[in-house]
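A.B. asks: Here you go, sequence then predicted model.
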Amino acid sequence: MPQHQDWENVMGKRDDLIAQYADDLRNKCGMTPDMDLLTKVTIGCGPAIYDGDASTVAGSQESELETVKNNFLVKKLGLPDGPSLMDAIREVIDIYGQSERNKYRAVVYYMLTKHFGKESVYG
């Protein structure tokens, strides 16, 4: 069990990341974030948000997009596989900005959740 101070550091870091994600949604994606949903999506990403590589989505790597499709859209959101899933991922990557190097996984997942109207998964 983590020490109390360690737990506060983790919670503080997560809050800082959520603030960063909200900033990206506002300034890079032109959206007003639903902070409750963004927090739940971020928590749903688990410890990956603290790992430099795992915390972002490589929008130009086909294998990475397949992973987002299979692990998030199909398994987590329960969507049936089909071409519309990859189309939605590419649309979200475009909104985030192809030239944007750090596409945070939590932001991509948040936008996909909104795109498919699957907020209830995080109810």
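C.D. replies: Arrived safely, thanks for sending.
A.B. asks: residues in contact with the spatially most central residue of the chain?
C.D. replies: By Cα atoms, centre = their mean, the chain has its centre lying nearest to Ala106, at 1.9 Å. Ala106 makes contacts with Leu17, Ile18, Tyr21, Leu38, Val41, Thr42, Cys45, Ile49, Ser55, as judged by Cβ atoms under 8 Å, 6 or more residues apart in numbering. In this view, the C-beta of every residue, glycine as well, is placed from N, C-alpha and C.
A.B. asks: Find the residue closest to it in space, skipping its chain neighbours.
C.D. replies: Leaving aside its chain neighbours, Ala106 sits nearest to Thr42 (4.4 Å; criterion: Cβ to Cβ, 6 or more residues apart in numbering).
A.B. asks: and Ser99, how many residues sit next to it?
C.D. replies: Neighbours of Ser99 under the rule other Cβ atoms under 10 Å: 6.
A.B. asks: mind pulling up the phi and psi values for it?
C.D. replies: Main-chain dihedrals, Ser99, degrees, to the nearest 10: phi -80, psi -10.
A.B. asks: Per-residue pLDDT of it, please?
C.D. replies: pLDDT, Ser99: 83.
A.B. asks: and what of Gln5?
C.D. replies: Value for Gln5, per-residue pLDDT: 64.
A.B. asks: shouldn't Leu85 be in contact with Phe72?
C.D. replies: No: the pair Leu85 / Phe72 is not scored as a contact, 9.5 Å apart, by Cβ atoms under 8 Å.
A.B. asks: who touches both of those two?
C.D. replies: Common neighbours of Leu85 and Phe72, using Cβ under 8 Å, 6+ apart, do not exist here.
A.B. asks: Tell me which stretches of this protein form helices.
C.D. replies: Counting by DSSP state H, the chain has helices at residues 4-27, 35-44, 62-67, 83-96, 105-115.
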